[in-house]
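Chemist: Build me a structure from this.
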Amino acid sequence: QMITSKGYPEENHKVTTEDGFILTLQRIPRGRKGIYRAEKKEVVLLQHGLLGESTNFLDDLANESLAYILADSGADVWLANSRGNSYSRAHVHLKPSQEIFWNWSSDEMAQYDLPAMVDYITTKTGVSKITYIGHSQGTLIGFGGFSQNKTLASKVKLFIALAPIARLGHIKGPLHLISPLTKDLQKLEQMLGKGEFMPHSKFDVFLAKDVCHPFGRLCDTGFFLTGGFDLGNLNKSRTPVYIAHNPSGTSVRNFIHYGQVSTGCFNVELDLNHADGNFKIPFYPQPTPPIYHPEDIETPIAVFHGGHDWLSDAIDVQWLLPKLKHLVYEKLISHWMHVDFIYGVDAPKQCYKPIVQLIFNSTVTE
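Modeler: Modelled structure (predicted):
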C-alpha cells in the first residue's frame, strides 16, 4: 500500500534461497506516468543496509526517494529485503522463535540471498544483466557475492555502491565502542542472546506516532547514531516515517560480525578465532570464515561515499578504491553521513541524478 498510495504499480514476490529462507521482493515495474523504455530495458535491484528494509528507498516523497525516481526514469525497480527483517521472516522448515533460525550473518546473504534474488529477477524479466545498487551492508553483500561467485557477477552490468563497506578498520560511534565486547563472546551472548537483534516492534510505531511526531528532534540523534548524523540534512517532517520503519531487525550473529571485523579483521570476513585460537562463534557451520577480495570483482563499479561517514570511513574507502579494477565512477560527497544516501534532503541532486545517468547513459554530466 505504501507504493500504490503514491500512484505506482506494485508487485510482491517470494524467493526461496538454497538454505531455505523465504525472502520478499517488492517490484515497481514502471513509473506513475507509465514510462517504459522498451528500447533500453533497465532492471535495477536495490539492497538496503544493516537493520534496514526496502522502505529505506521509499520513505521520502516520490520526487525524493531513489526507488520512485528510478521508476519514473523508466527502470523496472526491485527492492530486496534481507533475511530476518520485517518482510523476510520465513523459512521452509524453521521459525523465528527458534535460535537456529538466526544462525547467519552477511556471509550467508552474499552466498545465498543475493544469487537467489538476481536469478529470480533475471528469469522473471527476461534480461541477462541487471544493475545492483547497495547501501551500507548492501555493498558488503555485493563485494562478497561478486568476488566469489563469477556466475552471479556475470548477471550484473553495474554495481553501484553507496557508503561502501569493505573493511571497518576506522569506524566511529556505537559499533566501535561495542566491538571490544566481542572478545568475550560468552558475556556478549548473555547480554544479547543468540537470536534476533533489534527487531521492528510496536514500540517503534509508538515512538514514531506519539514521540517523534510532536517532538521530532528527540528521535533524530538516536536514529542517526550508528553512522553519524547531520540534522541539517534531514527532512524533520519525515522523521516519524523513518522511525516507524527502522530498525527492521537482524541476527545477533550478524551484529557480532560487524563488531569483530572492526577490532582488526582485515576485510569483510567473520573473525571466528581470536589471537589465542580458543574462540569460535557458537554453532558456526564452517571451520574458517570466507575471505572476500574486492580486487577479484570483474563487474563495473560506481562508488558514492561521504566525508563524515562513521561506518564507511574515508580511510577505509581509500583502501578500497585502488582494489577495484573496474571502477567506472567515484564521487565523494564531503558533508554526508551514512544515512544521507537514503534520507538526505540533497540526495536527489547529489546522488540520485548521477545514478540515473549512469544507468541509462553510462556517463555523468554534472
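Chemist: which stretches of the stretch 101-250 of the chain form helices?
Modeler: For the stretch 101-250 of the chain, the helices defined by DSSP state H, counting those that start in this stretch cover 106-108, 114-125, 137-148, 150-153, 174-178, 185-192, 202-206, 217-224, 239-245.
Chemist: now the stretch 1-150 of the chain, which segments are flagged as low pLDDT?
Modeler: Within the stretch 1-150 of the chain, the stretches with pLDDT under 70 are 34-40.
Chemist: try 90
Modeler: Under the criterion pLDDT under 90, the flagged ranges of the stretch 1-150 of the chain are 1-2, 32-41, 50-52, 86, 99, 103-106.
Chemist: cool, the stretch 251-366 of the chain as well?
Modeler: Low-confidence segments of the stretch 251-366 of the chain (pLDDT under 90): 251-293, 308, 310-313, 337, 339, 361-366.
Chemist: In it, mark out all the strands, start to finish.
Modeler: Using DSSP state E, counting those that start in this stretch, the strands of the stretch 251-366 of the chain run over residues 301-306, 327-333.
Chemist: and these as CSV, adding mean neighbour count and distance to L162?
Modeler: (C-beta placed from N, C-alpha, C; glycine too.) Output for the strands of the stretch 251-366 of the chain, formatted as CSV (neighbours: other C-beta atoms under 10 Å; distance: least, C-beta to C-beta, whole Å):
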stretch, mean neighbour count, distance to L162
strand 301-306, 26, 5
strand 327-333, 16, 10
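Chemist: In CSV: these, plus distance to S82.
Modeler: Putting the strands of the stretch 251-366 of the chain into CSV (distance: least, C-beta to C-beta, whole Å) gives the following:
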stretch, distance to S82
strand 301-306, 21
strand 327-333, 25
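Chemist: Go through these and name the closest to K95.
Modeler: strand 301-306 (37.9 Å; C-beta to C-beta).
Chemist: ok, and what's touching that closest one?
Modeler: Defining contact as C-beta atoms under 8 Å, 6 or more residues apart in numbering, one finds that strand 301-306 is touched by 158-164, 312, 314, 317, 320-321, 324, 326-338, 340-341, 351, 354-355, 358.
Chemist: swap in stretch 137-144?
Modeler: Stretch 137-144 is contacted by residues 46-50, 52, 80, 82, 106-107, 109-111, 113-114, 132, 134, 159, 161-166, 268, 290, 292, 294, 297, 312 when judged by C-beta under 8 Å, 6+ apart.
Chemist: Quick one: buried ones out of the contacts of strand 301-306?
Modeler: Buried members of the contacts of strand 301-306, scored by 16 or more other C-beta atoms under 10 Å, are 158-164, 312, 317, 320, 324, 327-329, 333, 336-338, 340-341, 351, 354-355, 358.
Chemist: OK, contacts around the nearest residue to I121 once chain neighbours are set aside?
Modeler: Once flanking residues are discounted, I121 sits nearest to W78: 5.4 Å by C-beta to C-beta, 6 or more residues apart in numbering. By C-beta under 8 Å, 6+ apart, the contact set of W78 is L25, Q26, R27, V43, V44, L45, L46, M117, I121.
Chemist: can you name the two of these that are farthest apart?
Modeler: Greatest spacing in the contacts of W78, by C-beta to C-beta: Q26 and V43 (13.8 Å).
Chemist: Only the buried subset of the contacts of stretch 137-144, as a PyMOL command please.
Modeler: Command for PyMOL that selects the buried part of the contacts of stretch 137-144, burial taken from 16+ other C-beta under 10 Å:
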select buried, resi 46+47+48+49+50+52+80+82+106+107+109+110+111+113+114+132+134+159+161+162+163+164+165+166+268+292+294+297+312
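Chemist: Just the ones in strands from the contacts of stretch 137-144, please.
Modeler: Mapping the contacts of stretch 137-144 onto strands (DSSP state E) picks out L46, Q47, Y132, G134, F159, A161, L162.
Chemist: Relative to W102, which of those is nearest.
Modeler: Minimum distance to W102 across those is 19.9 Å, recorded for Q47 (C-beta to C-beta).
Chemist: Touching, the closest one and T131? I think so.
Modeler: No - between Q47 and T131 there is no contact, the gap being 11.3 Å when judged by C-beta atoms under 8 Å.
Chemist: ok, back up a step: any chance of the contacts of W78 in a markdown table, with distance to L61 too?
Modeler: A markdown table is the format used below for the contacts of W78 (distance: C-beta to C-beta, whole Å):
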| residue | distance to L61 |
| --- | --- |
| L25 | 23 |
| Q26 | 18 |
| R27 | 20 |
| V43 | 24 |
| V44 | 20 |
| L45 | 23 |
| L46 | 17 |
| M117 | 27 |
| I121 | 26 |
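Chemist: Looking at those, which is nearest T4?
Modeler: Checking the contacts of W78 one by one against T4 (C-beta to C-beta), the nearest turns out to be Q26, at 10.9 Å.
Chemist: Excluding chain neighbours, give the residue nearest to that closest one in space.
Modeler: The nearest residue in space to Q26 (C-beta to C-beta, 6+ apart) is L79, at 4.4 Å.
Chemist: Next: D59.
Modeler: With C-beta to C-beta, 6+ apart as the criterion, D59 has its nearest non-adjacent residue at 5.0 Å, and that residue is V241.
Chemist: what does R89 give?
Modeler: Nearest one to R89, counting by C-beta to C-beta, 6+ apart, is P96 at 5.1 Å.
Chemist: State the distance from that neighbour to S251.
Modeler: Distance, P96 to S251, by C-beta to C-beta, to the nearest Å: 10 Å.
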